[in-house]
Each structure stands twice: as structure tokens, then as C-alpha cells.
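Participant: okay, structure incoming, though there's no sequence with it:
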């Protein structure tokens with residue numbers, strides 16, 4: 001295994017349905033209307049950038065590149 005194996009290279013996006021947790025800025029933060037849209041957008045971004053999705057305890061998604 002390489003030295004950097006498993007380390008996060010960057011956060012690509014933060015996706016939420018809760019306006020109070022939407023801060024904007026860098027990395028990309030997306031406010032979506034419902035859970036269905038959250039899953040669809042997150043899956044598309046992760047697939048496009050060959051990234052991983054982490055579901056936070058709040059139900060929000062963090063899309064990370066390893």
C-alpha cells in the first residue's frame with residue numbers, strides 16, 4: 001500500500017436539504033429540495049469525478065476524492 005492510500009485528497013461538494021446548513025463557498029455547497037434530489041445529484045457528481053459519498057449523521061452528503 002502506498003503512503004497516501006485512503007487519505008482524502010479533497011472535498012468536492014457538500015449537499016444538503018436544510019437551508020440552515022447551506023453555507024455556499026468553496027468547496028461547492030448545494031441546497032436541494034428533497035432526499036430524492038440529494039441522492040440523484042450526489043450520485044451523478046460522484047460518478048463523474050470517480051469520488052466517494054459519505055452520508056453524515058445529519059443526512060447531508062459529503063462527496064470526497066481519495
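Facilitator: Nice, I can see it. Every value quoted in this text rests on a predicted model; they were computed, and no experiment measured them.
Participant: please count neighbours and contacts with C-alpha atoms only from this point.
Facilitator: Will do.
Participant: end to end, how far does stretch 28-41 reach?
Facilitator: Stretch 28-41 stretches 13 Å from its first residue to its last (C-alpha to C-alpha, to the nearest Å).
Participant: name the residues of it that are buried.
Facilitator: Neighbour-count burial for stretch 28-41 flags 29, 30, 31, 32, 38 (criterion: 16 or more other C-alpha atoms under 10 Å).
Participant: got these as TSV, with secondary structure, pLDDT and distance to residue 7 columns?
Facilitator: Converted to TSV, the buried residues of stretch 28-41 look like this (DSSP: H, G, I helix; E, B strand; the rest coil; pLDDT from 0 to 100; distance: C-alpha to C-alpha, whole Å):
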residue	secondary structure	pLDDT	distance to residue 7
29	strand	93	22
30	strand	95	24
31	strand	95	27
32	coil	97	28
38	helix	98	25
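Participant: a markdown table for those residues, including distance to residue 9?
Facilitator: Shown next, in a markdown table, are the buried residues of stretch 28-41 (distance: C-alpha to C-alpha, whole Å):
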| residue | distance to residue 9 |
| --- | --- |
| 29 | 17 |
| 30 | 20 |
| 31 | 23 |
| 32 | 25 |
| 38 | 23 |
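Participant: pull the most distant pair out of these.
Facilitator: 29 and 38 (11.7 Å; C-alpha to C-alpha).
Participant: buried residues, the longest strand seen in the chain. List them.
Facilitator: Secondary structure of the chain per DSSP state E: the longest strand is strand 10-16. Using 16+ other C-alpha under 10 Å as the test for burial, strand 10-16 gives 11, 12, 13, 14, 15, 16.
Participant: how about the helices in this protein?
Facilitator: Counting by DSSP state H, one finds helices in the chain at the ranges 35-48.
Participant: ok, now which ones touch the closest residue to residue 16 other than its chain neighbours?
Facilitator: Distances taken as C-alpha to C-alpha, 6 or more residues apart in numbering put residue 60 closest to residue 16, at 4.8 Å, once the chain neighbours are dropped. By C-alpha atoms under 8 Å, 6 or more residues apart in numbering, the contact list for residue 60 reads 14, 15, 16, 17.
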